[in-house]
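Novice: quick check, what structure comes out for this input:
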Amino acid sequence: MTQTLRLAEELIACASITPDDATCQSIIAARLAPLGFVCETLVRGPADFRVTNLWAKRSATASDARNDTQSLVVLAGHTDVVPTGPLEQWHSHPFAPSHRDGKLYGRGASDMKTSLAAFVVAVEEFLAERPTTPLSIGFLLTSDEEGPANDGTVAVCQVLQERGERIDYCIVGEPTSVERTGDMIKNGRRGSLSGRLTVKGIQGHIAYPQLAKNPIHQLAPALAELVTVQWDKGDEFFPATSWQVSNIHSGTGAGNVIPGTVVVDFNFRFSTQSSLESLQQRLCTVLDRHELEYDIDWVVGGLPFLTPPGTLVNAVREAILAETGLSTVLSTTGGTSDGRFIAKICPQVIELGPPNATIHQINEHVCVADIEPLKNIYRRTLEQLEQALRA
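Specialist: Numbers count the residues shown, from 1 in each chain. Predicted coordinates:
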């Protein structure tokens, strides 16, 4: 059993359902402290939802590098996992790591405790070979990524910003691969803008429509128009912005009552080609043109971010190619991640982890054959970044 696999199993055995860290970060901090990392625990959130965050940093010393050549690379991720679902549907207990057919099973095996273990062992190996590296290394871990994400990475980033901490590169350990570790990385993510639209009418008896105003009928033409709008065309990194309705609520439950309101939940997944303001304005323009009486409650889930090819993307690409022979695909697909918070204080952010086919599922697993290559890719990336720093 490799050191990476052993640590991955130790972390999976911790029942760290959001927001409970269940000692995962203590286990990791105990591995980092002997390497020279200063480990700081930041607890945030209300009494009934306490979130544990770890900020650990090993700074390059004056003897390691000149002050003007130091760079900080941060390895970021989350120790929390989603609930298990029905235990009877698991073939083995989700918090008792087990092996079947060359796969490691357990909640968090793919999302993302294997990545965390690979981070730690990669750094251990890197520093064993390069104890005087000019590269400063940080870990940013939270137990609030799978939850509301109000008191996790976003809170730590705020603290770092207030301290004037500069982060040059960040690798988030999200499971981004498709078939094999390293076949896809995320070099950005789309933004998420949700809204709850309430269209107002006049409630009345269904037999006397002339005395009422049906908001569903009023909304229908506007809704038909909205689903045909091309919000933007995307670009070489992002698909076109999409607008989707997720829920429609109306009526009293009675079959003879015209409703007084209709409520529509919707979401934009948008690229850097659109802004929050432009999307809000264009949607309201359609509603106004159809002379609707309405209110909208907006919720910004995250802004889009993009890391174009450069020092970090090139380092990861070269590391993947050297370790696996794969020419990785750059992608911005999928949902949001904590990368959206880190991108506000770090100019180069990418996400790289194992295959994601079973994340959040019953019998979540990762192929054991994917674990060591992932650790080696992380280590090789650190080596590439150090080489770029020394150049």
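Novice: so which residue is smack in the middle of the chain?
Specialist: residue 337 (1.5 Å; CA atoms, centre = their mean).
Novice: any idea which element that residue lies in?
Specialist: With elements taken from DSSP states H and E, nothing contains residue 337; it lies in neither a helix nor a strand.
Novice: isn't it up against residue 351?
Specialist: Yes - taking contact to mean CB atoms under 8 Å, the distance of 6.2 Å between residue 337 and residue 351 places them in contact. (Glycine included, C-beta is placed from N, CA and C.)
Novice: hey, what's in contact with both of those two?
Specialist: Counting by CB atoms under 8 Å, 6 or more residues apart in numbering, the shared contacts of residue 337 and residue 351 are 172, 174, 186, 189.
Novice: next step: those restricted to strands.
Specialist: Among those, the ones falling in strands (DSSP state E) are 172, 186, 189.
Novice: ok, now which ones touch the closest residue to residue 359 other than its chain neighbours?
Specialist: The shortest distance from residue 359 to any residue other than its chain neighbours is 4.0 Å, reached at residue 111 (CB to CB, 6 or more residues apart in numbering). With contacts defined as CB under 8 Å, 6+ apart, residue 111 is in contact with 81, 82, 174, 175, 353, 356, 359, 360, 364.
Novice: so where do the strands sit in the stretch 1-150 of the chain?
Specialist: With DSSP state E, counting those that start in this stretch as the criterion, the stretch 1-150 of the chain has strands at 38-44, 51-58, 71-78, 98-100, 103-105, 135-142.
Novice: nearest to residue 233, out of those?
Specialist: Nearest to residue 233, of all these, is strand 71-78, at 31.4 Å by CB to CB.
Novice: can you list the strands that that closest one pairs with?
Specialist: When pairs are called by DSSP bridges, strand 71-78 turns out to pair with strand 135-142 (parallel), strand 169-172 (parallel).
Novice: returning to that earlier point: now the ones in strands among the shared contacts of residue 337 and residue 351 as a markdown table including neighbour count and distance to residue 12?
Specialist: As requested, these are exported to a markdown table (neighbours: other CB atoms under 10 Å; distance: CB to CB, whole Å):
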| residue | neighbour count | distance to residue 12 |
| --- | --- | --- |
| 172 | 28 | 19 |
| 186 | 22 | 23 |
| 189 | 29 | 26 |
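Novice: just the residues you listed now: which is nearest residue 324?
Specialist: Of all those, residue 324 sits closest to residue 186, with 17.2 Å by CB to CB.
Novice: beta partners for residue 306?
Specialist: Under DSSP bridges, the residues paired with residue 306 across the bridge are residue 188.
Novice: what number of residues lie near it?
Specialist: By the measure other CB atoms under 10 Å, the count of residues near residue 306 is 17.
Novice: so which residues of the stretch 101-250 of the chain form helices?
Specialist: Listed from the start of the chain, the stretch 101-250 of the chain has helices (DSSP state H, counting those that start in this stretch) covering 114-129, 153-163, 215-226.
Novice: tell me where this structure is predicted with low confidence.
Specialist: Regions of the chain meeting the criterion pLDDT under 70 cover residues 62-69.
Novice: show me the domain layout of it.
Specialist: For the chain, the structural domains run 3-189+304-390, 191-302, going by automatic domain parsing.
Novice: most tightly surrounded among those?
Specialist: Mean neighbour count, computed with mean count of other CB atoms under 10 Å, is highest for domain 3-189+304-390 among those, reaching a mean of 20.
Novice: now the end-to-end length of that one.
Specialist: Length of domain 3-189+304-390, first residue to last, CA to CA, to the nearest Å: 30 Å.
Novice: ok now that domain, how far from the chain's centre?
Specialist: Centre-to-centre, domain 3-189+304-390 and its host chain are 11 Å apart (CA atoms, centre = their mean, to the nearest Å).
Novice: and if you look at stretch 239-258?
Specialist: Using CA atoms, centre = their mean, the distance from the centre of stretch 239-258 to the centre of the chain it belongs to is 28 Å.
Novice: excluding chain neighbours, what is closest to residue 243?
Specialist: Nearest to residue 243 is residue 268, by CB to CB, 6+ apart, at 5.5 Å.
Novice: mind listing what the helix or strand hosting the one you found pairs with, with the direction of each?
Specialist: Element membership for residue 268, per DSSP H and E: strand 261-270. In the sheet containing strand 261-270, the strands it pairs with under DSSP bridges are strand 191-200 (antiparallel), strand 242-250 (antiparallel).
Novice: that concludes my questions; thank you for your assistance.
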